[in-house]
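Student: Whatever this is, show me its structure:
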Amino acid sequence: MRSGTRELKSRLRQGDWDEVTKVVPWPIDQHMNPSRGWQPSEHGGDIHYYGQLTTLNDCVYRHMYQSRYVLLNDIDEIIAPYQHQTLPQMMDVLQRQNPKAEVFLIENHIFPKSQFEPSGRFERPRWRDVPGINIMEHIYREEPDYRIYHPSKMIVQPRAVEQTSVHSVLRNFGQTVKVPPNVCHIIHVRVPLRGGLTKEELHEDKRIWGYERQLAPNVDKALEKAGLLI
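Tutor: Prediction:
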């Protein structure tokens, strides 16, 4: 286990992403009619929201004896440490501070895609015609409205989880810890949740820029493989 962890860290440092990235196919639509929305009364279907709950639990059990931690978050949500350079460093500290904890809740923070960093330093001409969002251009963060329900995503020790949902674990062993947002929170670039806020009412948050050296060349590599760059 420890040897495998060292090998994984070494690969990541070397940028060998192909060796450590694996996408598990989920052809659920070949077997049943999945719901295309989260509200059952509106979207129907044979299984809720593309089988999201099933995929999360499958991920936990699939990696139960392979990984010390599993991140349960969407592909457009970046769980970013703010007081540590890397997530492994952060988790080592959090685990020492909370030795009985096995579920760590991470707040979701919205970065409105309608607000752009003004200097244009991260504009990439090669990406101009690529569908999607250049997350490096969005550094303004909404303050969550804590008066209403504010969802989290999770980092879990898979062997301690018996059953999970999307924003919380339903059955587990050990304790659950809510990680303070100044230690770690999710960077989620999307439509604003609090649409009435002006740029002056948002918080400047440039944490994503700390990943520029690794992120930009690997995005280029992925786009080239996908045939999206000329």
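
Student: can you pull the buried residues of the longest strand seen in the chain?
Tutor: Counting residues, the longest strand found in the chain (DSSP state E) is strand 101-112. Residues of strand 101-112 classed as buried by neighbour count (16 or more other C-beta atoms under 10 Å): 101, 102, 103, 104, 105, 106, 107, 108, 109, 110, 111, 112. Just so you know, the C-beta spots here come from the backbone N, C-alpha and C atoms, and that holds for glycine as well.

Student: between the residues you listed, which is nearest residue 34?
Tutor: Closest approach to residue 34 among those (C-beta to C-beta): residue 108, at 23.7 Å.

Student: Please report the distance of the closest one from residue 149.
Tutor: 11 Å (C-beta to C-beta, to the nearest Å).

Student: What of residue 52?
Tutor: 18 Å.

Student: Adjacent strands (with direction) for the longest strand of the chain?
Tutor: Sheet pairing for strand 101-112, assigned by DSSP bridges, gives strand 152-156 (antiparallel), strand 175-178 (parallel), strand 184-190 (parallel).

Student: Let me see the mean pLDDT of the longest one.
Tutor: Just to be clear, that refers to strand 184-190. What strand 184-190 shows for mean pLDDT is 97.

Student: just the second one next, same as before
Tutor: Strand 175-178 shows a mean pLDDT of 97 in the predicted model.

Student: for that strand, which positions count as buried?
Tutor: Applying 16+ other C-beta under 10 Å to strand 175-178 flags residue 177 as buried.

Student: hmm, back to that, please tabulate the strands paired with strand 101-112 in JSON lines, including the columns distance to residue 162.
Tutor: Formatted as JSON lines, the strands paired with strand 101-112 follow (distance: least, C-beta to C-beta, whole Å):
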{"stretch": "strand 152-156", "distance to residue 162": "11"}
{"stretch": "strand 175-178", "distance to residue 162": "13"}
{"stretch": "strand 184-190", "distance to residue 162": "24"}
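
Student: So which of those strands is nearest residue 93?
Tutor: strand 184-190 (10.5 Å).

Student: what's the closest one in contact with?
Tutor: With C-beta atoms under 8 Å, 6 or more residues apart in numbering as the test, strand 184-190 has contacts from 73-74, 76-83, 90, 106-113, 133, 135, 138, 153, 179, 205, 207-208.

Student: Check what pLDDT the nearest residue to residue 134 once chain neighbours are set aside gets.
Tutor: Take residue 134 and drop its neighbours on the chain: the residue closest to it by C-beta to C-beta, 6 or more residues apart in numbering is residue 127, 5.9 Å away. Residue 127 is assigned a predicted lDDT (pLDDT) of 91.

Student: Over to residue 101?
Tutor: pLDDT, read off for residue 101, is 97.
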